[in-house]
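In: sequence and predicted structure below; questions after.
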Amino acid sequence: PDQVDIHKLKHSLTEANSKVLFLTRNRLDTYISLQKALAKGEWMNIETSDLRPSLDVDAFMRWAERQTNWYEDLYDFAQTKGLPFDIVNYESQINTSQQQLLETCQRLLKGFGIEDQYPADAAGHVDFTKQDKTDSPFDRIGNGAAFRDQLLANGKLDYAMSAPLSGEVRALSE
């Protein structure tokens, strides 16, 4: 979301042999990473564990709704057009060991009809550093306890801690 105009993206997906891979991550972690990247002005391999921005719940909820709508719009588009697609979740399928990640990628490619063999050591060296290694998203922000309490009071804590299309992932796997 917010990287490619959705109309241009939909148009490009009408090309022959298009396939869709939805990469999702829980909303709050995504938002915190975005805010930290914006504050630092850098997007990759930047340690931000010491950065604790204070966040506004209303601003987060507006952002989260836009993100959710974007995913749902493209999900509906892929289904309507009969496009092959899969949904991958960062927390459960990407933030894993290199070997597990390689196996996930192989499974996804095979599901899209792309067969390839990778050398046994393909899961070797990776030049990627996690932005923040703190376990709880509420420990990553300056007003974490108050932010959590406000989400809880508004009945939005589960929503904030879930990823877009998480309901569709369960439905597809049943």
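Out: Perfect, thanks for sending it.
In: rest of the way, CA atoms for contacts and neighbours
Out: Noted.
In: mind jotting down where the helices sit in the protein?
Out: Under the criterion DSSP state H, the chain contains helices at 6-12, 27-40, 57-81, 98-111, 144-153, 157-160, 166-173.
In: just how off-centre is the fifth one within its chain?
Out: For helix 144-153, the gap between its own C-alpha mean and the chain's C-alpha mean amounts to 22 Å (C-alpha atoms, centre = their mean, to the nearest Å).
In: and for the fourth one?
Out: Helix 98-111 has its average C-alpha position 17 Å from the chain's average C-alpha position, going by C-alpha atoms, centre = their mean.
In: what mean pLDDT does it have?
Out: What helix 98-111 shows for mean pLDDT is 83.
In: name the residues of it that are buried.
Out: 102, 104, 106, 108 (16 or more other C-alpha atoms under 10 Å).
In: can you redo the helices of the chain as a markdown table with distance to residue 138?
Out: Output for those, formatted as a markdown table (distance: least, C-alpha to C-alpha, whole Å):
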| stretch | distance to residue 138 |
| --- | --- |
| helix 6-12 | 31 |
| helix 27-40 | 9 |
| helix 57-81 | 12 |
| helix 98-111 | 27 |
| helix 144-153 | 4 |
| helix 157-160 | 11 |
| helix 166-173 | 21 |
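In: how about these, which one is nearest residue 18?
Out: Set against residue 18 and scored by C-alpha to C-alpha, those come closest in helix 6-12, at 8.1 Å.
In: since we're on the closest residue to residue 141 other than its chain neighbours, how many residues are nearby?
Out: Spatial nearest neighbour of residue 141, chain neighbours left out: residue 52 (4.3 Å); criterion: C-alpha to C-alpha, 6 or more residues apart in numbering. Neighbour count for residue 52, taken as other C-alpha atoms under 10 Å: 17.
In: could you number the chain from 44 rather than 1 from now on?
Out: Sure, I'll start counting at 44 from here, so that last one is residue 95.
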